[in-house]
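K.L.:
Quick one, what's the 3D model for this:
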Amino acid sequence: MPLATRTKEQTEDFIKTRGENDHLFTGIKNSATVGWRTILEKMGLQGKVTPLQAKKKWDNLKKRYKDCKCPGSGEVVSGKPTAATWPWFGLMDEVMGQRPSIRPPVLISSLPEDTPGPSTAVGDQREREEETDEEGGQPATTGRKRRRERGDELLELIKEDMQYQREAEERREQESRDRMDRLFSILERLVPK
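P.N.:
Numbers count the residues shown, from 1 in each chain. Predicted coordinates for the structure are as follows:
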């Protein structure tokens with residue numbers, strides 16, 4: 001009996017068993033076939049369902065899950081199952097929900113969006129002087145000024161790093177020249193004149 005015509009309990013068992021045996025699907029050649037055979041054997045379906053049919057059933061479940069999890073923008077959902085209406089969504093979410101392909105890691109930029117680029121990194125000093133407190137002449141701590149200060153700090157760090165890299169490169173070049181000089185000196189002593 002093909003997996004498409006299985007009962008709800010069997011489909012539930014299929015999803016759970018596939019989730020419990022995720023380690024069998026390593027991406028190495030033929031590992032999936034071995035994994036599907038193992039799952040079918042555990043379910044008592046070996047000989048009734050082929051590994052290819054099991055893979056197709058899983059692919060269909062994954063596609064439906066992804067469609068429910070992240071429906072396309074502007075897509076009309078009339079007639080299509082949603083996360084609320086598809087009976088396997090909760091179970092599939094337990095099995096697949098934390099995978100990087102479903103929930104990619106969030107990368108947080110260390111630069112604020114409005115950090116000035118290289119062409120505007122050096123601000124106008126007059127503008128900074130105008131941003132002072134009316135009472136004590138202390139610099140105002142506006143959000144814009146703090147962002148500029150962070151940008152200036154970042155720019156200074158980049159300059160320091162570039163200077164350090166330049167100095168390290170110069171040291172390596174000097175060491176290389178010194179080694180070559182020693183080598184030539186040794187060769188001159190070895191070769192008769």
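
K.L.:
need the longest helix for this protein.
P.N.:
The single longest helix within the chain, with elements called by DSSP state H, is helix 143-190.

K.L.:
model confidence over that helix, on average?
P.N.:
In this model, helix 143-190 has an average pLDDT of 86.

K.L.:
how about the helices of this structure, start to end?
P.N.:
Counting by DSSP H, the helices of the chain are 8-20, 31-43, 51-69, 89-96, 125-130, 143-190.

K.L.:
Nearest to Lys80 among these would be which one?
P.N.:
helix 51-69 (7.2 Å; Cβ to Cβ). For glycine as for every other residue, the C-beta is placed from the backbone atoms N, C-alpha and C.

K.L.:
Quick one: list the elements packing against that closest one.
P.N.:
For helix 51-69, the packing partners by 3 or more Cβ pairs under 8 Å, 6 or more residues apart in numbering; DSSP states H and E come out as helix 8-20, helix 31-43, helix 89-96.

K.L.:
Who are the packing partners of the second one?
P.N.:
So that's helix 31-43. Right, helix 31-43 is packed against helix 8-20, helix 51-69 by 3+ Cβ pairs under 8 Å, 6+ apart.

K.L.:
can you tell me how far Glu9 sits from Asp152?
P.N.:
Glu9 sits 64 Å away from Asp152, going by Cβ to Cβ, to the nearest Å.

K.L.:
ok, these two, which is more surrounded?
P.N.:
Between Glu9 and Asp152, counted using other Cβ atoms under 10 Å, Asp152 has the larger neighbour count: 15 against 8.

K.L.:
Look up how far Tyr164 lies from that one.
P.N.:
The value you get for Asp152 to Tyr164, if Cβ to Cβ is used, is 19 Å.

K.L.:
do the same with Asn21
P.N.:
Distance, Asn21 to Tyr164, using Cβ to Cβ: 51 Å.
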